[in-house]
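Student: Please work out how this folds:
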Amino acid sequence: MVLFSNFERIVLKVGSALIAPDGKGCSPHKLFPIAQFIIECRARGIEVVLVSSGSIAAGRQYFPKANCDSIAMKKAMAAAGQSDMVSTWDRLFDFPTCQILLTHGDLADTERYQSVSATIDKALSHGILPIVNENDTITTDELKVGDNDNLAAIVSAAVNADGLVLCTDVDGLYTGNPRIDESAKLIPIVESITAHLKNIDMSATNDVGTGGMATKVESAEKAIAHGITTYIINGEKPDVFPALLRDENPGTIFLASKTPMSDKTHWLKHTTRSQGEFVVNKSGEQTVLEGIEDITSDQLLSVNGEFNTGDTVLIKSEDGKSLAKAITKRSSCLMSYVTELGDAESEQLTPIAAVFEQEQVSLLKEAN
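Tutor: Numbers count the residues shown, from 1 in each chain. Below you'll find the model as predicted:
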């Protein structure tokens, strides 16, 4: 049985609909129960990392006549609203907070990912509440995580949290969209995320935030793979937070995997994005599926995309099947050159690629 009170460290994600529900700046009245929950968790020895949306919604008040669909305008709103959002939280606590703004680039790079983890560890060890948000003022499509649900899952893995709590405006995951389907029923426990579960109508229930139930299920999938129990609860109902502290389930609980991935495998599978592709022949495919860490030049058919040494690439078979993700030992320029060499010349450059995790290969074997 999962007991919330046994957790040592949790990540709590709060969305824009709770922080700035009407687009007129931050509204703290919905945040008091959440702040009390954070205070009580800390009093019980449970460390809390807060992932808070709301900068764009909070900043919208400063641009009343602007076209909010413009990307540049949203960045300006985020810049104006970020300090409002953090200061609103800060006023609710009698202990210090710190602001941590991240992009996907910070998390997809090994050294920066470890730096994020170390920074949050140090803040927590000194009694400081980290408030994490995506750095919307500078993100591009390539650098963007996209939503704070998935950011919360990635941060949960980075800081080795025990639990992830996702606050939303419905009671949890339902068998359908409860706003339009009166027969939809709450699903209290999810033991595994199946294809059937992903096919449930998970359309967004509000127009303030960027996520919806679908992103929360994606987030839960990432978290439970790392051994992190995940809750989806209704953050607008004050009684759900004392219920958690009483070890009750006030929403939907996603049970952590009994065989969680290693840190490196989880980072490679769920955090990094492929910058390019290797297409390998039948011999190369067998090499990958056997878990051998090097692909030789005579197994490489083509190189697609542009990438540098240390980037993540996707390894594919001749028929287009994805085999594994890998960290390449060579740049795309050199790899493309290798494919153009004759066999005699190419032999001197073997092995040419790429370390990948045995656990990742095992997962792909199961999927295939």
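
Student: can you pull the contacts of the residue most central in space within the chain?
Tutor: What sits nearest the mean C-alpha location of the chain, by C-alpha atoms, centre = their mean, is Asn150, with 2.9 Å. Residues counted as contacts of Asn150 (C-beta atoms under 8 Å, 6 or more residues apart in numbering) are Thr215, Glu218, Ser219, Lys222. The way it works is simple: take the backbone N, C-alpha and C, and place the C-beta from them, glycine included.

Student: Now go through the residues you listed and say which are in helices.
Tutor: Judged by DSSP state H, the contacts of Asn150 include Thr215, Glu218, Ser219, Lys222 as members of helices.

Student: low pLDDT regions in the stretch 151-300 of the chain?
Tutor: 201-211, 293 (pLDDT under 70).

Student: quick one, helices of it?
Tutor: 195-198, 213-225, 240-245, 263-266, 282-289 (DSSP state H, counting those that start in this stretch).

Student: what would the ones you listed look like in JSON lines with mean neighbour count and distance to Tyr174?
Tutor: Listed next are the helices of the stretch 151-300 of the chain as JSON lines, based on neighbours: other C-beta atoms under 10 Å; distance: least, C-beta to C-beta, whole Å:
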{"stretch": "helix 195-198", "mean neighbour count": "10", "distance to Tyr174": "11"}
{"stretch": "helix 213-225", "mean neighbour count": "24", "distance to Tyr174": "8"}
{"stretch": "helix 240-245", "mean neighbour count": "19", "distance to Tyr174": "16"}
{"stretch": "helix 263-266", "mean neighbour count": "19", "distance to Tyr174": "28"}
{"stretch": "helix 282-289", "mean neighbour count": "18", "distance to Tyr174": "39"}
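
Student: Format those as TSV; extra columns: distance to Ser302.
Tutor: Listed next are those as TSV, based on distance: least, C-beta to C-beta, whole Å:
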stretch	distance to Ser302
helix 195-198	31
helix 213-225	31
helix 240-245	51
helix 263-266	26
helix 282-289	11
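
Student: For Asn6, find the nearest of those helices.
Tutor: Of all the helices of the stretch 151-300 of the chain, it is helix 240-245 that lies closest to Asn6, at 11.8 Å by C-beta to C-beta.

Student: ok but Lys74 is inside a helix, no?
Tutor: Yes. Counting by DSSP: H, G, I helix; E, B strand; the rest coil, Lys74 falls inside a helix.

Student: That one against Asp136, yeah?
Tutor: Yes. Using C-beta atoms under 8 Å, Lys74 is in contact with Asp136, at 6.8 Å.

Student: between these two, who's got more neighbours?
Tutor: For Lys74 versus Asp136, neighbours defined as other C-beta atoms under 10 Å are more numerous around Asp136 (23 against 20).

Student: now the more buried one, nearest residue through space, not along the chain?
Tutor: Nearest non-adjacent residue to Asp136, counting by C-beta to C-beta, 6 or more residues apart in numbering: Ala78, 3.6 Å away.

Student: do the same with Ile100
Tutor: Nearest to Ile100 is Val132, by C-beta to C-beta, 6+ apart, at 4.7 Å.

Student: Let me know the pLDDT of the one you found.
Tutor: The model reports Val132 with a pLDDT of 96.

Student: Tell me which helix or strand it sits in.
Tutor: Assigned by DSSP states H and E, Val132 falls within strand 129-134.

Student: Dump the C-alpha coordinates for that strand into PDB.
Tutor: Presented in PDB, the C-alpha positions along strand 129-134 are these (Å, rounded to 0.1, in the frame of the first residue of the first chain):
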ATOM      1  CA  LEU A 129      11.500  26.100  -1.300                       C
ATOM      2  CA  PRO A 130      12.400  25.900  -5.000                       C
ATOM      3  CA  ILE A 131       9.800  27.300  -7.400                       C
ATOM      4  CA  VAL A 132      10.400  25.900 -10.900                       C
ATOM      5  CA  ASN A 133       8.900  27.200 -14.100                       C
ATOM      6  CA  GLU A 134       9.700  26.900 -17.800                       C
END
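
Student: Describe which strands that strand pairs with in its sheet and in which direction.
Tutor: Using DSSP bridges, strand 129-134 pairs in its sheet with strand 47-52 (parallel), strand 97-102 (parallel).

Student: Pull the residues that contact the first one.
Tutor: Contacts of strand 47-52 with the rest of the structure, by C-beta under 8 Å, 6+ apart, involve 8-14, 19, 38, 41-42, 85-86, 89, 120, 124, 129-133, 148, 151-152, 155-156, 159, 161.

Student: Tell me the buried residues within the residues you listed.
Tutor: 9-14, 19, 38, 41-42, 85-86, 89, 120, 124, 129-133, 148, 151-152, 155-156, 159, 161 (16 or more other C-beta atoms under 10 Å).

Student: and Ile315, that's in a strand?
Tutor: Yes. Ile315 sits within a strand when classified using three-state DSSP.

Student: Quick check: it touching Lys321?
Tutor: No. Counting by C-beta under 8 Å, Ile315 sits too far from Lys321 to count as a contact (9.8 Å).
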